[in-house]
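1. fold the following.
(one chain, ligands or ions: 1)
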Amino acid sequence: MMARYRFFALNLATFLLPVSLSHGITLSLTPIKDTVIYEDPTGSLANARGSNLFAGVNGGGGGNLELRTLISFDVSGIPSGSTITGVSLSLQANSRLGTSTTVQTNFHRLLGDWGEGTSLPSDGGGGSGGDATPGDATWIHTFSSTDLWDTPGGDFVASPSATLDVTENFRHTWTSPELVTDVQGFVDGDFDNFGWILIAEPGARTKRFFSHDSFDSIVFPQLIVDYTPIPEPGVTSIFLTLIIPALLQRRRRQIALRR
Ligand SMILES: [Ca+2]
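-> The predicted structure is shown next:
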């Protein structure tokens with residue numbers, strides 16, 4: 001009798017195994033859009049398709065304007081119901097200016113949608129920006145020249161999602177529990193996914209990073225998400241609706257034959 005129960009238990013464990021094991025998955029993404037906004041109260045400056053992103057003040061040559069980066073990633077490939085276990089957002093710094101200076105930077109979750117038009121910078125590096133084109137985000141526009149931010153400089157959550165000191169020219173990685181909360185909210189539908197805005201500490205000179213419009217994907221911004229998907233509902237359903245009744249029926253037949 002005990003042997004039969006062990007056989008039944010072995011069958012049970014064999015079928016349960018694929019249901020109970022969930023494998024962690026790592027997803028690596030490049031931006032679906034990124035751009036720079038310039039502290040120009042008329043909203044005439046943008047830099048949608050330049051090679052560089054910025055955070056900080058651009059100096060006398062550019063009018064001492066503050067520059068901020070907007071960036072967004074498509075996380076719709078993460079199945080609904082997944083648990084986000086880790087998020088890291090990285091940018092490859094490349095500016096020769098200020099490389100000996102440490103600048104604190106903060107990513108904040110954006111609260112409004114925005115556009116990446118076709119604007120190009122008028123200068124080589126992009127620190128001065130160029131003429132905004134239709135659909136560009138600017139300091140005052142979400143989409144130039146018709147839609148506006150509620151607050152010039154972008155609408156975002158006041159508390160930063162991640163903070164990091166940017167120093168030399170290497171890939172910098174922002175990671176935090178708040179970024180995990182952001183992406184979990186995107187996946188669950190609790191937050192609209194408008195991405196993040198990168199802002200430097202007040203008055204700091206610009207730090208510069210490669211955009212997803214730069215020359216080589218190896219230097220593109222990157223979002224790495226670790227998540228655990230829920231088990232396939234089909235497997236659970238099959239087990240509950242077909243396997244268990246079949247095992248119980250077989251057991252009843254065995255008992256009836258012995259009587
Ligand atoms: Ca861009």
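2. CA atoms for contacts and neighbours, from now on please.
-> Fine.
3. all strands for the stretch 1-150 of the chain, in order.
-> Remark: strands assigned in the stretch 1-150 of the chain by DSSP state E, counting those that start in this stretch are 25-29, 33-38, 45-46, 52-57, 66-72, 83-92, 103-109, 130-131, 141-143, 147-148.
4. off-centre distance for the host helix or strand of Phe209?
-> Applying DSSP states H and E as the criterion places Phe209 in strand 207-210. On the basis of CA atoms, centre = their mean, to the nearest Å, strand 207-210 is displaced by 18 Å from the centre of the chain it belongs to.
5. helices and strands around that strand, which ones?
-> strand 52-57, strand 83-92 (3 or more CA pairs under 8 Å, 6 or more residues apart in numbering; DSSP states H and E).
6. identify all contacting residues around the shortest one.
-> Residues lying outside strand 52-57 but in contact with it, judged by CA atoms under 8 Å, 6 or more residues apart in numbering, are 34-36, 64-69, 105, 125-127, 198-211, 213-214.
7. which of those come close to the ion?
-> 34-35 (CA under 5 Å from the ion).
8. mind giving me the PyMOL select for the contacts of strand 52-57, buried ones only?
-> Buried subset of the contacts of strand 52-57, written as a PyMOL selection, criterion 16 or more other CA atoms under 10 Å:
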select buried, resi 34+35+36+64+65+66+67+68+69+105+126+127+198+199+200+204+205+206+207+208+209+210+211+213+214
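9. correct me, but Asn47 touches Val36?
-> Yes - Asn47 lies in contact with Val36 (CA atoms under 8 Å); the separation is 5.4 Å.
10. tally of neighbours for Phe220?
-> 23 (other CA atoms under 10 Å).
11. and for Thr146?
-> Quick note: Thr146 (other CA under 10 Å) scores 9 neighbours.
12. what about the closest residue to Asp136 other than its chain neighbours, neighbour count?
-> Nearest residue to Asp136 in three dimensions, chain neighbours excluded: Gly117, at 4.3 Å (CA to CA, 6 or more residues apart in numbering). Gly117: 21 surrounding residues under other CA under 10 Å.
13. now for Gly117: which residues touch it?
-> 48-49, 132-137.
14. again, only this time at 6 Å
-> Contacts for Gly117 were tallied using CA atoms under 6 Å, 6 or more residues apart in numbering; they are 48, 133, 135-136.
15. can you lay out these as TSV showing distance to Asn193 and pLDDT?
-> Shown next, in TSV, are these (distance: CA to CA, whole Å; pLDDT from 0 to 100):
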residue	distance to Asn193	pLDDT
Ala48	19	98
Thr133	23	98
Gly135	18	98
Asp136	18	98
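16. what's the closest of the helices and strands packed on strand 207-210 to the ion?
-> When these are compared by CA to the ion, strand 52-57 sits nearest the ion, at 7.9 Å.
17. could I get that closest one in CSV with only the CA atoms?
-> In CSV, the C-alpha atoms belonging to strand 52-57 read as follows (Å, rounded to 0.1, in the frame of the first residue of the first chain):
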residue,chain,number,x,y,z
ASN,A,52,24.9,63.1,-27.5
LEU,A,53,22.7,63.5,-24.4
PHE,A,54,23.4,66.1,-21.7
ALA,A,55,22.7,67.0,-18.1
GLY,A,56,23.9,70.3,-16.6
VAL,A,57,24.7,73.9,-17.7
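18. what angle do that strand and strand 33-38 make?
-> 30 degrees (axes from the mean of the first three to the mean of the last three CA atoms, to 10 degrees).
19. just give me how far strand 52-57 sits from the chain centre.
-> Worked out by CA atoms, centre = their mean, strand 52-57 lies 19 Å from the chain centre.
20. SS state for the residue of the stretch 101-250 of the chain found nearest the ion?
-> Nearest residue of the stretch 101-250 of the chain to the ion (CA to the ion) works out as Asp213 at 5.3 Å. Here Asp213 is recorded as coil under DSSP: H, G, I helix; E, B strand; the rest coil.
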